[in-house]
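Enquirer: I would like to see how this sequence folds:
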Amino acid sequence: MSVPYADLFSVRGKRAVVTGGSRGIGRMITEGLLAGGAEVVISARKADQCRQTAEELSSLGPITAVPADLSTLEGVQQLADAANERFDGRLDILINNAGTSWGAPLEEYPESGFDKVMDTNVKGLYFLTVKLLGALRAAASPEDPARVISIGSVDGIRAPLLENYAYSASKAAVHQLTRHLAKRLAAEHITVNAIAPGPFESKMTEFMLGTEEGRSAVASTIPLGRIGSPEDIVGTTIFLASRAGAYLTGTVIPVDGGYTGAA
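Expert: Predicted structure coming up:
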């Protein structure tokens with residue numbers, strides 16, 4: 001099927017789920033998909049914030065809030081059921097963005113912190129993808145595959161200075177799961193790719209970027225000299241979700257201003 005070049009990056013009419021969609025990178029992606037004409041279900045652990053974000057973005061397009069804790073299988077099932085109901089069992093785009101972090105010195109790192117990070121960042125991502133496979137298969141075709149896009153991190157590529165051991169390990173796991181799932185699902189016309197962001201504005205990076213001094217210090221480590229903007233992450237997501245990215249699967253794309261390339 002030939003697509004006019006003017007429509008190469010179109011996501012109009014697509015149905016998408018964005019986890020962790022109420023703030024940070026998830027909210028940026030949600031705004032970009034809505035502005036592009038997609039219909040979006042967002043999920044977040046904090047119910048009030050999830051619903052507030054959906055209300056704030058409703059002027060851009062159809063959006064539904066589904067509060068759910070994706071560190072639990074109950075929360076995963078709750079979101080999968082709601083998405084299937086909202087989209088009549090057909091899903092074009094799954095954005096696995098929900099994540100958490102935990103920092104502590106090496107010999108003080110708690111098991112509870114490790115479990116929280118792994119349950120959300122790896123286990124929740126895996127089982128939500130599995131639970132939504134039926135809907136992804138229903139929407140997929142050779143000409144227009146269904147898309148799974150997971151948000152990894154540069155910390156899963158390059159060992160960070162921060163003592164966020166479980167987080168960096170979890171993001172490396174996300175990257176490998178991306179490759180593994182891509183290999184398994186390619187024959188079913190479902191592409192699976194990951195984005196590995198560098199520093200972007202979010203609750204998770206507020207401790208680094210919350211002051212001008214901290215922001216400048218972080219920007220000085222980036223070859224392009226700045227932190228990421230919403231357009232940077234949205235542009236890569238739209239590429240992977242549209243016809244333009246239909247021939248990519250199993251990739252991990254750093255969106256980091258050259259940080260990992262200069263390692």
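Enquirer: so how far is residue 218 from residue 211?
Expert: Note on residue 211: its distance to residue 218, by Cβ to Cβ, to the nearest Å, is 10 Å. The C-beta positions use only the backbone N, C-alpha and C, and glycine is treated the same way.
Enquirer: comparing these two, which shows the higher neighbour count?
Expert: Here residue 211 and residue 218 are set side by side on neighbour count (other Cβ atoms under 10 Å), and the busier one is residue 218, at 17 against 11.
Enquirer: roughly how far does the more buried one sit from residue 209?
Expert: Applying Cβ to Cβ to residue 218 and residue 209 gives a distance of 6 Å.
Enquirer: over to residue 234?
Expert: Residue 234 sits 19 Å away from residue 209 when distances are taken as Cβ to Cβ.
Enquirer: got a list of contacts for stretch 105-122?
Expert: 70-72, 98-102, 104, 163, 165-167, 169-171, 173-174, 177 (Cβ atoms under 8 Å, 6 or more residues apart in numbering).
Enquirer: now list the buried members of those.
Expert: Under a neighbour-count criterion of 16 or more other Cβ atoms under 10 Å, the subset of those counted as buried comprises 70-72, 98-102, 165-167, 169-171, 173-174, 177.
Enquirer: residue 241 contacts residue 12, doesn't it?
Expert: No. Judged on Cβ atoms under 8 Å, residue 241 makes no contact with residue 12 at a distance of 11.2 Å.
Enquirer: compare these two (neighbour count), which wins?
Expert: Neighbours per residue (other Cβ under 10 Å) separate residue 241 from residue 12, with residue 241 holding more: 29 against 11.
Enquirer: how close does that one sit to residue 147?
Expert: With distances taken as Cβ to Cβ, residue 241 is found 5 Å from residue 147.
Enquirer: likewise for residue 128?
Expert: In this structure, residue 128 lies at 14 Å from residue 147, with Cβ to Cβ as the measure.
Enquirer: could you do residue 179 as well?
Expert: 15 Å.
Enquirer: so which of the two has more stuff around it?
Expert: Neighbours of residue 179 and residue 147, each counted by other Cβ under 10 Å, are more numerous for residue 147; the result is 28 against 16.
Enquirer: contacts only, for the more buried one.
Expert: By Cβ under 8 Å, 6+ apart, the residues touching residue 147 are 92, 93, 94, 190, 191, 193, 240, 241, 245.
Enquirer: torsion angles phi and psi at residue 127?
Expert: When read as degrees, to the nearest 10, the backbone of residue 127 gives phi -70, psi -30.
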